[in-house]
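A.B. asks: Requesting a structural model of the entry that follows:
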Amino acid sequence: MRIVVLGGAGKMGAMAVEDLVINPRVDEVILADRDMEGAAAIAGYLDSPKLTITESDLNDHDALVALLETADACLNATVYYTNMKVMEACLDAGTHYTDMGGLFHGTLKQLELTDRFAEAGVSAVLGMGSAPGAPNILARYAADRLDTIDAIKIYDGVKPPPPGTMKFTYAAPTIIDELTQQPMVFRDGEFIACEPLTEFEDYPFAGSLGNLPMHLSLHSEVATLPVSFADKGIQECFFKINYWGMDRGIVEKVRVLAEFGFDGTDPISVGGVEVSPRDFTIEMMGDFVPSAYEMLTAPANEPGDWAKEIVSDVTGTIDGEPVRYRMGVLTLKGALPTGTLPARAATWMAADKVAPGVHPPELAFDPEPFLKELEERGIETQITVTEGL
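C.D. replies: Numbers count the residues shown, from 1 in each chain. Below is the predicted model of the structure:
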């Protein structure tokens, strides 16, 4: 089994590469990135005979197809803007595809490729990170047991950093989009746009995480879950997170920059040079994003001091009686699920366990065996069922 990880020298891609090289079912892992220095650092740390690195430019379609033709599956760990481009290359190469999310609107565009993937005899699974990814599979577990569904509420609880920490938790472009673009929610049977950082509520998480302030954020789960379980009568679905795992202060700073137009995409002239305010902002933020090597080598927290819990809180009925499933995926190392879930998805797809076409996670994988695999990496699932609400 041969897996190509595009963006494998990135923060989350490195986590996926690590999981693949320790997986006995995987024979070879190709870490493809334009950052050869970062790729070499990851390869040196992992020190695996399974792993090779290669330079890759996603703008060179023919070269990308040639690389993917040699693989059983492609794990796209680059920024979500590239998803459609990489999917087109996978279609030409006849290679299975998975990624870490399309931020709602991108996911909807990707789903339009399902007929072409089915005709090509290859599969694509969209949004297989920690979230989206884990919440979709947890929601499927509950949906399989409920006669009807009232709501799927997703809460991504991340251990807050010490006050004043000037660090981004993952790709700055994605965080800026999640922070500034309108969150989509499914309410009363229809999709509606809300304002960023609204509808706050405290939600109780496991261990020392405790109650965390949760707010709406644009996310891909909401794009697919209401459609996948429409036959169950679902009326509400949303995604909430606690400041994207960052210090509230840095979030407020980025919001101020956005208010001044630093997230704008239209180029402006500065000293005779055309530059996009957004590109400039992202470049300046680079020093405040942990490197892939830092993420990979970061120590786990102590047991009970959870770094992250992702919850799908699903309410519905069984035999006419109200039932609530609270399902949480726990990890001591916050970034671990974001790399592990797509890595495991890629191995299932490489083994032809997913039907041709483009699928959301909840329709691609059987929850029980998939969640069982995650336990191998210390990613635990806790399930609480409450009847007669």
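
A.B. asks: just checking, Asp188 touches Gln235?
C.D. replies: Yes - assessed by CB atoms under 8 Å, Asp188 is found in contact with Gln235 at 6.0 Å. To be clear about C-beta, it is placed using only N, CA and C from the backbone, and glycine gets the same treatment.

A.B. asks: The two: which is more packed in?
C.D. replies: Gln235 (17 against 7; other CB atoms under 10 Å).

A.B. asks: list the contacts for the more buried one?
C.D. replies: Gln235 makes contacts with 150-151, 186-189, as judged by CB atoms under 8 Å, 6 or more residues apart in numbering.

A.B. asks: hmm, 7 Å instead?
C.D. replies: 150-151, 188-189 (CB atoms under 7 Å, 6 or more residues apart in numbering).

A.B. asks: Equivalent analysis for Asn136, please.
C.D. replies: 127, 221, 225, 360-362.

A.B. asks: Give me the buried stretch members for the helix or strand where Thr381 lies, please.
C.D. replies: According to DSSP states H and E, Thr381 maps onto strand 380-387. Buried residues in strand 380-387, counted by 16 or more other CB atoms under 10 Å: 380-381.

A.B. asks: Please put the alpha-carbon coordinates of it into PDB.
C.D. replies: C-alpha atoms of strand 380-387 as PDB (Å, rounded to 0.1, in the frame of the first residue of the first chain):
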ATOM      1  CA  GLU A 380     -10.500   7.600  22.900                       C
ATOM      2  CA  THR A 381     -14.300   7.800  22.400                       C
ATOM      3  CA  GLN A 382     -16.700   8.200  25.300                       C
ATOM      4  CA  ILE A 383     -20.400   7.700  24.700                       C
ATOM      5  CA  THR A 384     -23.200   8.700  27.100                       C
ATOM      6  CA  VAL A 385     -26.800   7.900  26.300                       C
ATOM      7  CA  THR A 386     -29.600   9.600  28.200                       C
ATOM      8  CA  GLU A 387     -33.200   8.400  27.700                       C
END
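
A.B. asks: Who are the packing partners of that strand?
C.D. replies: With contacts taken as 3 or more CB pairs under 7 Å, 6 or more residues apart in numbering; DSSP states H and E, strand 380-387 sits against strand 321-331.

A.B. asks: got the angle between the strand it packs on and strand 380-387?
C.D. replies: 170 degrees (axes from the mean of the first three to the mean of the last three CA atoms, to 10 degrees).

A.B. asks: Show residues contacting strand 321-331.
C.D. replies: 134, 138, 141-142, 146, 206, 306-317, 337, 378-389.

A.B. asks: Of those residues, select the buried ones using a PyMOL command.
C.D. replies: In PyMOL syntax, the buried subset of those is picked out as below (16+ other CB under 10 Å):
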select buried, resi 134+138+141+142+146+206+306+307+308+309+310+311+312+313+314+315+316+317+337+379+380+381
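
A.B. asks: Could you point out the longest helix of the chain?
C.D. replies: helix 336-350 (DSSP state H).

A.B. asks: For the stretch 201-350 of the chain, just list every one of the strands.
C.D. replies: Assignment of strands within the stretch 201-350 of the chain using DSSP state E, counting those that start in this stretch yields the ranges 201-204, 211-216, 236-241, 268-270, 273-275, 308-318, 321-331.
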